[in-house]
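[1] next come a sequence and a model predicted from it.
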Amino acid sequence: MNRALIIKSIPLDVYEQMSLDEVICETMPEKYILRFFNWKEKGITFGFSQRYSNVINTLEPSYRDFKMTRRPTGGGIVIHESDITFSFIFYSPEMFNPNVTYEKLHSLIKNEYESNGISIDIANGIKSNYDINTPTMDCFKKPVEKDLLVGGKKVLGGALRKFSDYLLYQASLQISGARENMDFHSKVIINSFEKGFDLKFEDYIINEEFYKKISDKKNEKYISEHWIKRI
């Protein structure tokens, strides 16, 4: 069995959330790390390869006042308003195959939900993805390959980034009543990764030094126009 950590943080804004994931990837206090985002306020993230102008033009006016930043991972626009957002960073030194990784992670989550009486499907046969010129970029209006669906509606999608021998998986669960039932959904996700990767999770409270690194990363990167409007 492998030791794993569940990172606990104070409430953070959207820039700090992305900063924290990158700082974890740079420091890696353990080989397997799970984190449920503790949101200070509503926010929006969009994919590493998306054009900023397309994102702005796609957003409905009611969302344009939300704080927004570009993720280090791919994918499309995600509105973080009522979702459960989480990241899983794990040791994966082999060659990176996104489709295989999504299938593994989402199958584990699907199976755990089904063991709790909730039927979930995996999207198959969808060939398009979120590249620079994708006309529809709202992640939860357009399922892509290996997303999780309930009644044909997308409820969970993720995005990936390879950092050396580790993979960063950032995900959003937008099933009905997600945050109101946080304890149940977080337990499902924890159990799915514990079983699938033979893990035993322990809580890990980040310290002041770690928060200083998060603040530095936020200011140098995730809040900057150079990053947000990079393309």
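    Now that the structure is in, tell me what you want to look at. Numbering: from 1, shown residues only.
[2] neighbours around Glu180, how many?
    Residues contacting Glu180 under the criterion other CB atoms under 10 Å number 10. Where C-beta positions appear, they are placed from N, C-alpha and C, glycine not excepted.
[3] just Thr45 next, same as before
    By other CB under 10 Å, 28 other residues sit near Thr45.
[4] that one belongs to a strand?
    Yes - judged by DSSP: H, G, I helix; E, B strand; the rest coil, Thr45 forms part of a strand.
[5] check contacts around it.
    If you count contacts by CB atoms under 8 Å, 6 or more residues apart in numbering, Thr45 has them with 14, 17-18, 68-71, 77-78, 80.
[6] show me the two of the residues you listed that sit farthest apart.
    Across these, the longest distance by CB to CB is 15.3 Å; it joins Gln17 and Ile77.
[7] between those two, which is the more surrounded one?
    Each of Gln17 and Ile77 has its neighbours counted (other CB under 10 Å); Gln17 has more, 27 against 22.
[8] surely that one and Lys42 touch.
    No - with contacts counted by CB atoms under 8 Å, Gln17 stays clear of Lys42, the gap being 11.8 Å.
[9] would you map the helices across this structure?
    Listed in chain order, the helices of the chain (DSSP state H) span residues 14-27, 52-58, 98-115, 182-197, 208-217, 225-228.
[10] most neighbours per residue, which of those?
    Across the helices of the chain, averaging neighbours per residue (mean count of other CB atoms under 10 Å) puts helix 14-27 on top, at a mean of 22.
[11] sheet partners, orientation included, of the longest strand anywhere in the chain?
    Counting residues, the longest strand found in the chain (DSSP state E) is strand 153-163. Its sheet considered, strand 153-163 pairs with strand 148-150 (antiparallel), strand 166-173 (antiparallel) by DSSP bridges.
[12] which of these sits closest to Lys213?
    strand 166-173 (16.1 Å).
[13] below-threshold pLDDT in the chain: ranges please.
    Applying pLDDT under 70 to the chain flags the ranges 126-139, 141.
[14] is the most centrally placed residue in it bridged to anything, and to what?
    For the chain, Gln170 is the residue whose C-alpha lies nearest the centre (CA atoms, centre = their mean; 1.9 Å). Gln170 forms beta bridges with Ser87, Ala159, as assigned by DSSP bridges.
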